[in-house]
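K.L.:
here are the coordinates; sequence isn't available:
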């Protein structure tokens, strides 16, 4: 699953980037997490989605690809359409490697 490994690298902001890239990504990430409150007073941080939830993991690969491509700016998720198609599919593969939080550990990993 080389594609999943590359997807993991893309999902982690520090992977293969310079210090300037990481700072720029951190600033952009902080900006994207802030959304105006209903009264327009102050800013409220949004929390990242739990990608291990069954509601995420049970979606088709095509649905995840579409959501990665188009984002959902109302909920604080940017569009990743600027990434090449192959990299977006690698992100889908990476999401598939995430185990649901309530899934029991396998015997091999419990040792």
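P.N.:
That came in fine, so what should we check first? Quick caveat: nothing in here was measured; it's all calculated off a predicted structure.
K.L.:
which stretches of this protein have low pLDDT?
P.N.:
Residue ranges of the chain with pLDDT under 70: 1-46, 101-111.
K.L.:
cutoff 80 now
P.N.:
By pLDDT under 80, the weakly predicted segments of the chain are 1-48, 99-111.
K.L.:
just the buried positions in the host helix or strand of residue 68, please.
P.N.:
Following DSSP states H and E, one finds residue 68 within helix 61-70. When burial is assessed from 16 or more other CB atoms under 10 Å, helix 61-70 yields the following buried residues: 64, 65, 67, 68. No exception for glycine: its C-beta is placed from N, CA and C like everyone else's.
K.L.:
do stretch 87-101 as well
P.N.:
Neighbour-count burial for stretch 87-101, with 16+ other CB under 10 Å as criterion, is recorded at 87, 88, 89, 90, 91, 92, 93, 94, 95, 98.
K.L.:
from those residues, pick the one nearest residue 52.
P.N.:
residue 98 (5.1 Å; CB to CB).
K.L.:
who are the contact partners of the closest one?
P.N.:
51, 52, 57 (CB atoms under 8 Å, 6 or more residues apart in numbering).
K.L.:
before we move on, back to that, which strands or helices does the helix holding residue 68 pack on?
P.N.:
helix 85-97 (3 or more CB pairs under 8 Å, 6 or more residues apart in numbering; DSSP states H and E).
K.L.:
what angle do the helix it packs on and helix 61-70 make?
P.N.:
Counting by axes from the mean of the first three to the mean of the last three CA atoms, to 10 degrees, helix 85-97 lies at 120 degrees to helix 61-70.
K.L.:
and helix 85-97, what does it pack against?
P.N.:
Using 3+ CB pairs under 8 Å, 6+ apart as the contact criterion, the secondary-structure elements in contact with helix 85-97 are helix 2-11, helix 54-57, helix 61-70.
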